[in-house]
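A.B. asks: the sequence and its predicted three-dimensional model are supplied below.
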Amino acid sequence: MRKAERCMAEAQAHRAGRYRTQPTGYRAFLPAPLPPDPPLRLEGELQLLLSQADRALGRLDGSVETLPNPDLFVLMYVRKEAVLSSQIEGTQSSLQDLLAAEAQLFGADSLPKDVDEVVNYVRAMKHGLARLESLPVSMRLIGEIHAELLQGVRGSRLTPGELRRSQNWIGPSGCSLATATFVPPPPEELPEALGALERFLHQQDAIPALIKIGLAHAQFETIHPYLDGNGRVGRLLITFLLTERGILQKPVLYLSHYFKQQRQAYYDHLQAVREAGNWEGWLAFFLRGVAVVSQEASGTARRILAMREEHRAQITIHLGRAAGNGHRVLESLYDRPIVSVQAIQELIGGTYAAANSLVARLEQLGILREMTGQKRNRRFCYQPYVELFGDSPQEVLP
């Protein structure tokens, strides 16, 4: 191989960064600043995938905006992303468990121990989206999100919201620094690496927004700045950037669905960036995921709209004078799909007997389903709606 070719091959391999041996003997990866050098080759298949992802996101944004009150439906998309992103990190809790925890349906002993981690994820996303109104995506915002994510759960003793002060590593259970699959940069390198990432996010350039977001996610996972929660924060970063840049008006893309289905490929593509500088391979994988999940989420929005109209018609036809209260209950279920008779009573402002009768009639229409199997302290689920998000509550016996 000629010298020029060898230099080009070396530059390609190291375009994401280099390993450096540390004083104690292990090798840690020091990421190169973004954008990649040599520059990205945005042509051929990658250009086609970018176009497909852009179109799919546009259709998703339009589909959600056709819903009568988009804000009512956003929380379920957020919940699904929270469940899936947490499951990638090993949690067992389902969407059903999250809804039950939010509704305080059962005692803590009756729910998976890790459901609080999913509850925290929802809270962290809400916090971050609210903060975007006054604070751009930045290391300060990411620190706040990390603190929300780990508050009071597994990893809460590992300095939530603070950069790590010790070396971490990634690999199979029981591995050491010497045998790890990947060793992120040492703690003293974090300020410079994160500062460079923040400058990249804020700089004005001609890089397409989706490409920039894909690069930023991979770079954050490579830096791995926290002792725990890096994967979840990195996936939240995607949502915040899509929203901040106006690509999506609402956070309705549950990209973790794709990452979970393709978990090994997800990790392999990230590692190929570090080891071979294969940014194009990672970006192709990322853009395929954006297109696939956008199409699925658009379909969910269409089904929500059709189901809502069907249920509104049923209520109008079958509930007579109670139809007005029935519609009020239906709209509330899109925000809180699990309710009690007491909650319905407070909503409609009538007697307990009237609320109980209304719930019974909604049960008959198949809109609500009792899910505790108990005679007291009953809870009712808007099952058809939850099923649209791929997780249907099962009857739970006392």
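C.D. replies: That came in fine, so what should we check first? Numbers count the residues shown, from 1 in each chain.

A.B. asks: from now on I want contacts and neighbour counts done on CA atoms only, so please keep to that.
C.D. replies: OK.

A.B. asks: tell me the centre residue of this structure?
C.D. replies: Geometric centre of the chain, nearest residue: Glu81, 3.7 Å, by Cα atoms, centre = their mean.

A.B. asks: which parts of the one helix or strand it maps to are buried?
C.D. replies: Using DSSP states H and E, the element containing Glu81 is helix 70-88. Residues of helix 70-88 classed as buried: 73-88 (neighbour count, 16 or more other Cα atoms under 10 Å).

A.B. asks: quick one on the thing from earlier: I figured the residue nearest to the centre of the chain hits Leu255, correct?
C.D. replies: Yes: Glu81 lies in contact with Leu255 (Cα atoms under 8 Å); the separation is 7.1 Å.

A.B. asks: quick one: contacts for the closest residue to Ala180 other than its chain neighbours?
C.D. replies: Take Ala180 and drop its neighbours on the chain: the residue closest to it by Cα to Cα, 6 or more residues apart in numbering is Gly171, 4.8 Å away. With contacts defined as Cα atoms under 8 Å, 6 or more residues apart in numbering, Gly171 is in contact with 179-182.

A.B. asks: quick one on the thing from earlier: which other helices and strands contact the helix holding Glu81?
C.D. replies: helix 95-102, helix 115-131, helix 230-244, helix 256-261 (3 or more Cα pairs under 8 Å, 6 or more residues apart in numbering; DSSP states H and E).

A.B. asks: let's have these in a markdown table, adding distance to Val273.
C.D. replies: A markdown table is the format used below for the helices and strands packed on helix 70-88 (distance: least, Cα to Cα, whole Å):
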| stretch | distance to Val273 |
| --- | --- |
| helix 95-102 | 33 |
| helix 115-131 | 27 |
| helix 230-244 | 16 |
| helix 256-261 | 16 |
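
A.B. asks: closest to Gln22 out of those helices?
C.D. replies: For those, proximity to Gln22 was assessed by Cα to Cα; helix 230-244 is nearest, at 22.5 Å.

A.B. asks: for that closest one, name the packing helices and strands.
C.D. replies: On a contact count with 3+ Cα pairs under 8 Å, 6+ apart, helix 230-244 meets helix 70-88, helix 115-131, helix 139-150, helix 209-223.

A.B. asks: closest to Gly299 out of those?
C.D. replies: Nearest of the helices and strands packed on helix 230-244 (Cα to Cα): helix 70-88, 12.5 Å.

A.B. asks: could you give the angle of that closest one to helix 115-131?
C.D. replies: 130 degrees (axes from the mean of the first three to the mean of the last three Cα atoms, to 10 degrees).

A.B. asks: surely Ile145 and Val233 touch.
C.D. replies: Yes: counting by Cα under 8 Å, Val233 is a contact partner of Ile145 at 7.3 Å.

A.B. asks: just checking, Leu287 touches Leu49?
C.D. replies: Yes: Leu287 sits in contact with Leu49 when judged by Cα under 8 Å, with a separation of 6.0 Å.

A.B. asks: between the two, which contacts overlap?
C.D. replies: Both Leu287 and Leu49 lack any common contact, where contact means Cα under 8 Å, 6+ apart.

A.B. asks: returning to what we had before: residues contacting the helix holding Glu81, please?
C.D. replies: For helix 70-88, using Cα under 8 Å, 6+ apart, the contacting residues are 64, 93-95, 98, 117-119, 121-122, 125, 232, 235, 250-257, 259-260, 263, 331, 334-335, 389.

A.B. asks: list buried residues within those residues.
C.D. replies: Applying 16+ other Cα under 10 Å to the contacts of helix 70-88, the neighbour count classes 64, 93-95, 98, 117-119, 121-122, 125, 232, 235, 250-257, 259-260, 331, 334, 389 as buried.

A.B. asks: let's see stretch 256-276 as PDB, backbone CA atoms only.
C.D. replies: Output of stretch 256-276 as PDB, limited to C-alpha atoms (Å, rounded to 0.1, in the frame of the first residue of the first chain):
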ATOM      1  CA  SER A 256     -36.000   3.300  21.600                       C
ATOM      2  CA  HIS A 257     -38.500   0.800  20.100                       C
ATOM      3  CA  TYR A 258     -36.100   0.400  17.100                       C
ATOM      4  CA  PHE A 259     -33.000   0.400  19.300                       C
ATOM      5  CA  LYS A 260     -34.500  -2.300  21.500                       C
ATOM      6  CA  GLN A 261     -35.500  -4.500  18.600                       C
ATOM      7  CA  GLN A 262     -32.000  -4.000  17.100                       C
ATOM      8  CA  ARG A 263     -30.100  -3.900  20.300                       C
ATOM      9  CA  GLN A 264     -27.000  -5.700  19.300                       C
ATOM     10  CA  ALA A 265     -26.800  -3.900  15.900                       C
ATOM     11  CA  TYR A 266     -27.200  -0.600  17.900                       C
ATOM     12  CA  TYR A 267     -24.200  -1.400  20.100                       C
ATOM     13  CA  ASP A 268     -22.200  -2.800  17.100                       C
ATOM     14  CA  HIS A 269     -22.700   0.300  15.000                       C
ATOM     15  CA  LEU A 270     -21.600   2.600  17.900                       C
ATOM     16  CA  GLN A 271     -18.500   0.500  18.400                       C
ATOM     17  CA  ALA A 272     -17.700   0.500  14.700                       C
ATOM     18  CA  VAL A 273     -17.600   4.300  14.900                       C
ATOM     19  CA  ARG A 274     -15.000   4.200  17.600                       C
ATOM     20  CA  GLU A 275     -12.900   1.400  16.200                       C
ATOM     21  CA  ALA A 276     -13.000   2.100  12.400                       C
END
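
A.B. asks: quick check: domain ranges of this protein?
C.D. replies: 44-166+183-299, 321-398 (automatic domain parsing).
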